[in-house]
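A.B. asks: Fold the following and give me the result.
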Amino acid sequence: LKVGAMKFKLFISVLLMSAIGFSQALDRPPQFVLISFDGSKSHNFWKETFKLSQDVQGQFTYFVSGVYFLQKKDKLNYQPPKRKAGASDIGFAENDLGDIQRRTEAVWHGLSELNPAMEIGSHVNGHFDGSYWTYEEWTKEFTEFHRLVEKVFSFYPTMNTRFANQWESTLHAEIKGFRAPLLAGQVSITGKVLSDFKYAYDASQVLKGKWPYKHTPDLWNIGLSRIGLAGTTRETVAMDYNVLYGQCGGVFNPSNSGECKTIDDKLLAYYEKQTYYSYIQAFLKDYYGNRMPLSIGHHFSLWNKGIYWKALQRFIRDVCTLPEVKCITHGKMAEWLNEQNAIHGYSVFNKLNQGLFDKTGISEIPRERLKVDLSLMKKVSFGERALVVPDISKLVEKVMLKGDLPHAHDEAPGDVDMEQFRYTPPEVN
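C.D. replies: You can find the predicted model right below:
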């Protein structure tokens with residue numbers, strides 16, 4: 001009976017594949033992992049992410065904010081929509097040209113000297129909620145962004161770098177992707193603006209269980225992933241701030257910080273493992289499922305004593321060198337999507353969503369190396385004190401599934417000692 005049932009299931013699968021037009025199985029796609037950072041102000045964080053990317057030969061995307069290329073004393077040169085001139089929820093660059101120069105040097109190094117190179121995208125400027133902006137206001141915000149970033153050497157001509165003459169044309173050609181502050185935008189409006197500026201993708205939406213798709217004929221939605229929070233029934237956007245919000249129950253100390261109001265070392269250790277396992281669970285689900293890209297967003301922040309940055313480092317080091325895994329930029333992802341669309345037609349993404357591709361010989365190495373034992377989250381050595389993990393309410397989960405809040409750009413200081421926040425793999429006896 002079991003053999004007969006298996007043959008019947010195989011017969012039905014063949015019929016289904018035939019019904020949707022399969023003459024042969026699709027090649028299995030790689031498991032794409034997209035790591036991105038929003039804002040990107042802290043100098044030492046730039047360096048640390050570069051080191052990590054080189055260690056695993058991966059590529060990251062940096063959605064930069066235009067206000068970090070304008071000194072605070074010159075803030076009136078930025079006019080945001082519906083706000084007074086010089087307004088910004090995330091501040092500006094320091095009143096020291098050396099601050100901006102170091103940031104341009106980091107960007108140039110990542111674009112032109114790293115191998116493989118990174119990608120620069122737009123996070124526009126003052127980190128405002130643009131969900132109620134008009135087409136004209138969004139156009140103005142993008143125009144301001146490109147002016148602040150691309151023409152920084154025209155505005156500050158005394159800055160002296162070897163690449164000043166190449167900067168504007170290079171950045172103009174490079175910036176082809178966008179993530180909205182607070183993930184707040186209106187696709188019907190921002191989609192038109194992004195097309196006007198000839199962008200290739202929008203990374204502002206949240207995707208659950210499916211591959212990127214097109215907003216317009218020339219614009220891909222390469223959104224952040226929606227994932228489960230390990231050890232709970234709750235879900236979250238795969239972003240450090242959203243995980244932080246859930247773990248803190250939305251209560252911070254001080255109120256505009258990235259620190260839970262009630263926290264101790266034991267709970268911090270638990271939350272670090274929970275974050276890591278959440279990413280790993282999502283990765284394994286995608287790798288052995290429909291291979292949808294896993295997109296994780298972070299900030300240059302060290303909230304809750306750096307546990308989210310440590311968890312991300314561990315995740316990147318564990319997955320980016322696995323078989324059939326490609327840790328690439330969003331721009332490279334858009335190029336791959338365009339190639340598949342050109343070869344197979346847009347309907348190929350419906351087939352990918354269903355996992356209808358060749359799965360023979362898929363590697364078991366990820367499953368063997370990345371076993372998730374949720375009981376280990378509570379095994380932390382802090383004496384006999386009981387570990388009490390607060391529940392996450394449905395109301396808090398609603399925020400975890402939305403965009404970040406303005407204080408999500410509470411970035412680490414530019415000269416922070418990143419070595420103390422570096423993930424160190426445990427020694428194997």
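A.B. asks: Give me the residue ranges of the stretch 1-150 of the chain where confidence is low.
C.D. replies: Across the stretch 1-150 of the chain, the ranges flagged by pLDDT under 70 are 1-25.
A.B. asks: Let's see that with 50 instead.
C.D. replies: 2-3, 6, 9-23 (pLDDT under 50).
A.B. asks: ok, which stretches of it are strands?
C.D. replies: Secondary structure of the stretch 1-150 of the chain (DSSP state E, counting those that start in this stretch): strands at 31-39, 60-64, 119-122.
A.B. asks: The stretch 301-429 of the chain too?
C.D. replies: Using DSSP E, counting those that start in this stretch, the strands of the stretch 301-429 of the chain run over 325-327.
A.B. asks: Correct me if wrong: Leu34 contacts His298.
C.D. replies: No. Taking contacts as CB atoms under 8 Å, Leu34 lies outside contact range of His298: 11.5 Å. All C-beta atoms are positioned from the backbone trio N, CA, C, and that covers glycine.
A.B. asks: more neighbours, those two?
C.D. replies: Neighbours per residue (other CB atoms under 10 Å) separate Leu34 from His298, with Leu34 holding more: 26 against 22.
A.B. asks: How about the contacts made by that one?
C.D. replies: Listed by CB atoms under 8 Å, 6 or more residues apart in numbering, the contact set of Leu34 reads Thr61, Ile222, Pro293, Leu294, Ser295, Ile296, Cys327, Ile328, Thr329, His330, Met333.
A.B. asks: and which of those residues is nearest to Pro181?
C.D. replies: Closest approach between the contacts of Leu34 and Pro181, by CB to CB: Thr61, at 15.7 Å.
A.B. asks: what's the burial count for that closest one?
C.D. replies: Neighbour count of Thr61, defined by other CB under 10 Å: 26.
A.B. asks: so is Lys198 in a helix, a strand, or just coil?
C.D. replies: coil (DSSP: H, G, I helix; E, B strand; the rest coil).
A.B. asks: ditto for Gly258
C.D. replies: Following three-state DSSP, Gly258 is assigned to coil.
A.B. asks: Neighbours of the residue lying closest to it once chain neighbours are set aside, how many?
C.D. replies: Closest residue to Gly258 apart from its sequence neighbours, by CB to CB, 6 or more residues apart in numbering: Trp303 at 3.1 Å. Residues lying near Trp303 (other CB under 10 Å) number 25.
A.B. asks: Could you do His109 as well?
C.D. replies: By other CB under 10 Å, 16 other residues sit near His109.
A.B. asks: I'd guessed it sits against Lys51; true?
C.D. replies: No. If you go by CB under 8 Å, His109 and Lys51 don't touch, sitting 11.7 Å apart.
A.B. asks: My guess is Gln274 contacts Arg234. True?
C.D. replies: No. Using CB under 8 Å, Gln274 is not in contact with Arg234; the gap is 10.9 Å.
A.B. asks: higher neighbour count, these two?
C.D. replies: Each of Gln274 and Arg234 has its neighbours counted (other CB under 10 Å); Gln274 has more, 24 against 17.
A.B. asks: Flag every buried residue along the one helix or strand the more buried one maps to.
C.D. replies: Here Gln274, judged by DSSP states H and E, is contained in helix 265-287. Neighbour-count burial for helix 265-287, counted by 16 or more other CB atoms under 10 Å, picks out 266-284, 286-287.
A.B. asks: Next up, the contacts around Asn304.
C.D. replies: Counting by CB under 8 Å, 6+ apart, Asn304 has contacts Leu244, Gln247, Cys248, Gly258, Glu259, Cys260, Ile263, Leu268, Tyr271.
A.B. asks: Now render the residues you listed as JSON lines, adding distance to Asp89.
C.D. replies: Rendered in JSON lines, the data for the contacts of Asn304 read as follows (distance: CB to CB, whole Å):
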{"residue": "Leu244", "distance to Asp89": "18"}
{"residue": "Gln247", "distance to Asp89": "23"}
{"residue": "Cys248", "distance to Asp89": "20"}
{"residue": "Gly258", "distance to Asp89": "15"}
{"residue": "Glu259", "distance to Asp89": "19"}
{"residue": "Cys260", "distance to Asp89": "22"}
{"residue": "Ile263", "distance to Asp89": "25"}
{"residue": "Leu268", "distance to Asp89": "27"}
{"residue": "Tyr271", "distance to Asp89": "26"}
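A.B. asks: Tell me the secondary structure of the closest residue in space to Val187 that isn't next to it in sequence, please.
C.D. replies: Sequence neighbours aside, His215 is the residue nearest to Val187 in space, at 5.7 Å (criterion: CB to CB, 6+ apart). Assigned with three-state DSSP, His215 falls in the strand class.
A.B. asks: correct me, but His215 touches Lys192?
C.D. replies: No. Contact between His215 and Lys192 fails when scored by CB under 8 Å: they sit 9.6 Å apart.
A.B. asks: which of these two has more neighbours?
C.D. replies: His215 (19 against 16).
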